[in-house]
Each structure stands twice: as structure tokens, then as C-alpha cells.
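S.K.: build me a model from this:
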Amino acid sequence: MYRFLKIFFLIFPILFISLTVYAGNLDSYVYTFDTDELLTSSQKSLNVLGLYLKYYETANEEYKTAANQTMPYILSSLEPDDSAALNVLSEYYPGNAEESINRIEILTNNYPNSVIVNAINVLFNYEVWQKNKNTEAFKKILSSIDIIEENIEENPFSIYYKSVLTWEEASLQEKENIFKNLEKAYSSYPSNRKIQELLIVQAFELGKFEEIKQLSTDYVNLSEKDEKIMFLIALSYYNLNEKSESRKIIDWILQNSNKKSVLSKSYELLGDISETNSQKVNYYKTAIDIDLENAEALAKLGTTLYESNKTNSDDLTISRIYLTKALMYDPDNSEIKETLNAIDKKLTRKNFLTTLLPLFIVISVIFYIVFRFGSKGNSLKRPEGGSRKDSLTASKEEKD
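M.R.: Numbering: from 1, shown residues only. All right, here's what the predicted structure looks like:
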């Protein structure tokens, strides 16, 4: 009997955890919250959640159709709040975001302590906050995060969204603290891609390029990678003067990305890596062809042309055109303004030497000729040894 009780008390907690976390309970979403991971989960209810969230992210109807077809098979295993949250997601479509937010808010009143309901509330309101930094949405997100943490303590989902929300207004020391907390979360959940990506973004802003190098070892081998994150990794290798590694990652981006901004910045970085000015010019021009509003590529092209030949008026004029365009998209860039001022001075000096000075000399010569030969012609018409008045008097006497 004692042995039975001992075995029971050893196994019961494990069974209890399995039932509450994995047996149809969507609360475990906050430990992954990566739609690609949800789609490959062994738990069917998480598969369905992943399909609905994938539809929410991409608006691809195939994901929603697959989720709707699978829903009947998992309904019996769902808790009431799980089922209600999935119903809200099933009724979402692009254009009715506000209606979906209202529905999820009703659920937060019906299931105030539900982890999954509050997590979906965070997702919906985060999209609103991203668009216009809405204060009300900000408060709702933090409120739902507090409820989630009260129920299951701090978790990857809550750490991620708190880090994103508080980062922008944080001081440098506060950012260091946010970064350290995110590192702790990543060490506990190293397979969480979203945490890893945010860690790379924040490390880049803090200039922690060595940390990014370490993080990239695992990230570059993932089957699903974000090209923007890959670009930050390439840029970090460049800042560490590891140009060959940087170029390898850029090559991957050029083969796998179709995002205009990422491709343009990638060709710009290839220009930075290049050794000769002619190579730099070609890469910067390619970057501009892809994205005409790439201010940095415009500035770098203009500066490279200027430094290549500071005496040729045509090159100076072309350089000035690119730098002026760059200033349109980046009006506060002091370096562009300084280079433009230097070019303007050179062009003004050249304009004076090649146009104004020769014109002044020609005009001076013309005036000299007119004055010189005009004066000589008048003197030839006067009689020798007398004034004009004497010659007139003499002429009159002859007539008499």
C-alpha cells in the first residue's frame, strides 16, 4: 500500500502537468509563439492555432481553410477559453481587425485569467501600436502581459513583447538591462527563434557585434531565416572586419530575398566591401536602381565619385546630383552638406576660371581696341598744327 501511494504521488504531478499544459491547452503557446514551430508541433490544437496565426500574418486563405477543416477533430480536447480564442481567430479576415479586437476584449472579460485569450489580445493590440504608437493599445498590451505573468510567471512571450515595447524610450543603461533579461530568456529557450532575432536586433543597436557573431552560428543554419536579420549579421561581420563572412551572407540574401529594401542595402554593403572605386560605384548604382530612395547609397555614390576625381567639372556635377538627391531623403545629414559645400566651392572656382575670367578678358580687350583705335581715328581727321576751330576759320576765309 505504501509503495502504491509513493508511485501515485510521483506520477500524479507529471500527469497533472501533462493535462494542464499539453492536453488541449493552448497556454503553451507563450513558450514558442513562433507560427512555424506551431505548425510542426505534435499537439494538434497548437497546429490549428499556428494555421490561424499564419493566416493572420500572411492573409493566405489556404492556412485558414486547413485550420477550419481540422477544428472539429480537436474541439473535444479544448478548454472553453481555448475554443473561444480560436473562434475569434477563425472569424478574422484582413479589414476587420477592429471587430476582432472588440471580440477578444469581450473574451478578456469572460475569461480574465486566460493565458491564451490575453496572448491573442496582445497580438491584436500590438499591431495597432506598431502602426501609430497608440497609447491605449500600449496599456492594453501591458495589462494582458501582467495577467499572463501572474498566472504562469515570466515567459518568452511576455519577455519578448515587454522588451519591444519598452526599448524605444529606454535609456542606454535600461537597454542594457532589457538586453540581459532577453539573454536569460534565450539561454532558457534557445530554440525560440523570435527571442533570438530580437536579441540580434538589440545587440546590433548596442554595437555588440561579437555577441551577434556568436548568435549567428546557430541562426544561419536554421531552415527558416529572416533576411533582415541576416543582413544585420552580415553588417556585424563587416564591422568586425570579417569581409569574407559578410560577403557569404550577402550572397545568401541575394539568392533568397525579394524585398527591395533588403536587396538594395545588400548591394550597398557589397560596395562598402569592395576594394576599388569602380567596383564601389557599380554596386552603389545597382543599390540605387533597386531602391531610388536609398539615401545612404546615393550619398556613398556621390562621395565616391567626388573623391575619385576632384578636378573634373563633369564628375563634380554628377556627384553633386547624387548628393542632392541623398539630402532630399536624409535632410539632417551633416556629412552630405559638408561635401556639397566643398563641391560648390570647387565648381564656383572652376566656373570663374573657365567662364567668367575669359569673358572678362575678352570684354577688356574689346574695350581696349575700341578706345585705342577710336581715339586714333579722331586724331587723323584733324589738320596738323591747329585746332578744330582754326581749321573752320581757314575754310571760311577760302570761300570769301
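
S.K.: going by C-alpha atoms from here, please, whenever you check contacts or count neighbours.
M.R.: OK.

S.K.: how is the chain carved up into domains?
M.R.: Segmentation of the chain into domains, based on automatic domain parsing, reads 20-153, 286-370.

S.K.: among those domains, which is nearest residue 220?
M.R.: domain 20-153 (16.4 Å; C-alpha to C-alpha).

S.K.: tell me how far the closest one is from the chain's mean position?
M.R.: 27 Å (C-alpha atoms, centre = their mean, to the nearest Å).

S.K.: the helices in the stretch 101-250 of the chain, which residues?
M.R.: Shown for the stretch 101-250 of the chain, the helices assigned by DSSP state H, counting those that start in this stretch span residues 115-132, 135-152, 156-167, 172-188, 193-205, 209-219, 227-239, 243-256.

S.K.: out of the ones you listed, which comes closest to residue 272?
M.R.: Of all the helices of the stretch 101-250 of the chain, helix 227-239 comes closest under C-alpha to C-alpha, at 8.9 Å.

S.K.: tell me how far residue 194 lies from residue 26.
M.R.: Separation of residue 194 from residue 26 (C-alpha to C-alpha, to the nearest Å): 18 Å.

S.K.: the more surrounded of these two?
M.R.: residue 26 (25 against 16; other C-alpha atoms under 10 Å).

S.K.: and the more buried one, how far from residue 144?
M.R.: From residue 26 to residue 144 the distance is 16 Å (C-alpha to C-alpha).

S.K.: before we move on, back to that, how about the domains of the chain in JSON lines, adding distance to residue 183 and mean pLDDT?
M.R.: Output for those, formatted as JSON lines (distance: least, C-alpha to C-alpha, whole Å; pLDDT from 0 to 100):
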{"stretch": "domain 20-153", "distance to residue 183": "15", "mean pLDDT": "91"}
{"stretch": "domain 286-370", "distance to residue 183": "32", "mean pLDDT": "78"}
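
S.K.: which residues of the stretch 151-300 of the chain score low on pLDDT?
M.R.: Under the criterion pLDDT under 70, no range of the stretch 151-300 of the chain is flagged.

S.K.: reformat the helices of the stretch 101-250 of the chain as JSON lines; add distance to residue 63.
M.R.: As requested, those are exported to JSON lines (distance: least, C-alpha to C-alpha, whole Å):
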{"stretch": "helix 115-132", "distance to residue 63": "18"}
{"stretch": "helix 135-152", "distance to residue 63": "26"}
{"stretch": "helix 156-167", "distance to residue 63": "23"}
{"stretch": "helix 172-188", "distance to residue 63": "29"}
{"stretch": "helix 193-205", "distance to residue 63": "21"}
{"stretch": "helix 209-219", "distance to residue 63": "26"}
{"stretch": "helix 227-239", "distance to residue 63": "23"}
{"stretch": "helix 243-256", "distance to residue 63": "23"}
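
S.K.: count the neighbours of residue 40 for me.
M.R.: 12.

S.K.: one step back: quick one, which of the domains of the chain is nearest to residue 225?
M.R.: The nearest among the domains of the chain, by C-alpha to C-alpha, is domain 20-153 at 11.0 Å.

S.K.: gap between residue 215 and residue 201?
M.R.: For residue 215, the distance to residue 201 - C-alpha to C-alpha - is 11 Å.

S.K.: spit out the contact partners of residue 75.
M.R.: residue 83 (C-alpha atoms under 8 Å, 6 or more residues apart in numbering).

S.K.: quick one, phi/psi of it?
M.R.: Main-chain torsions, residue 75, degrees, to the nearest 10: phi -60, psi -40.

S.K.: again, but for the one 3 residues further on
M.R.: The main-chain torsion angles of residue 78 are listed as degrees, to the nearest 10 and equal phi -90, psi 140.

S.K.: in the stretch 251-400 of the chain, which spans are helices?
M.R.: Using DSSP H, counting those that start in this stretch, helices in the stretch 251-400 of the chain cover 260-273, 277-290, 295-308, 313-329, 334-351, 357-380, 388-399.

S.K.: that older thread, possible to save the domains of the chain as a markdown table with distance to residue 211?
M.R.: Formatted as a markdown table, those follow (distance: least, C-alpha to C-alpha, whole Å):
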| stretch | distance to residue 211 |
| --- | --- |
| domain 20-153 | 23 |
| domain 286-370 | 26 |
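
S.K.: to residue 208, which of these lies closest?
M.R.: Using C-alpha to C-alpha, the nearest of those to residue 208 is domain 286-370, at 22.3 Å.

S.K.: neighbours of residue 94, how many?
M.R.: Here the count is done by other C-alpha under 10 Å, and residue 94 has 10 residues near it.

S.K.: just say helix, strand or coil for it.
M.R.: Using DSSP: H, G, I helix; E, B strand; the rest coil, the structure places residue 94 in coil.

S.K.: quick check: it touching residue 59?
M.R.: Yes: when contacts are counted by C-alpha atoms under 8 Å, residue 94 is listed as touching residue 59 (6.8 Å).

S.K.: got the contact list for residue 339?
M.R.: residue 303.

S.K.: go again using 10 Å as the cut-off
M.R.: 299, 302-303, 306-307, 319-320, 323, 345 (C-alpha atoms under 10 Å, 6 or more residues apart in numbering).

S.K.: same check on residue 338?
M.R.: Counted by C-alpha under 10 Å, 6+ apart, residue 338 has contacts residue 344.

S.K.: how much space between it and residue 320?
M.R.: Residue 338 is 12 Å from residue 320, by C-alpha to C-alpha.

S.K.: and for those two, which residues touch both?
M.R.: The contact lists of residue 338 and residue 320 share residue 344, where a contact means C-alpha under 10 Å, 6+ apart.

S.K.: tell me the first helix or strand C-terminal of the helix or strand containing residue 71.
M.R.: Taking DSSP states H and E as the criterion, residue 71 maps to helix 61-74. Under the assignment DSSP H and E, the closest C-terminal helix or strand after helix 61-74 is helix 80-90.

S.K.: got the buried residues for that following helix?
M.R.: 81-90 (16 or more other C-alpha atoms under 10 Å).

S.K.: wait, residue 57 sits on residue 35?
M.R.: Yes: if you go by C-alpha atoms under 10 Å, residue 57 and residue 35 touch, sitting 9.2 Å apart.

S.K.: residues shared between the contacts of those two?
M.R.: residue 51.

S.K.: for these two, indicate the residue with more neighbours.
M.R.: Neighbour count, other C-alpha under 10 Å: between residue 57 and residue 35, residue 35 has more, with 20 against 11.
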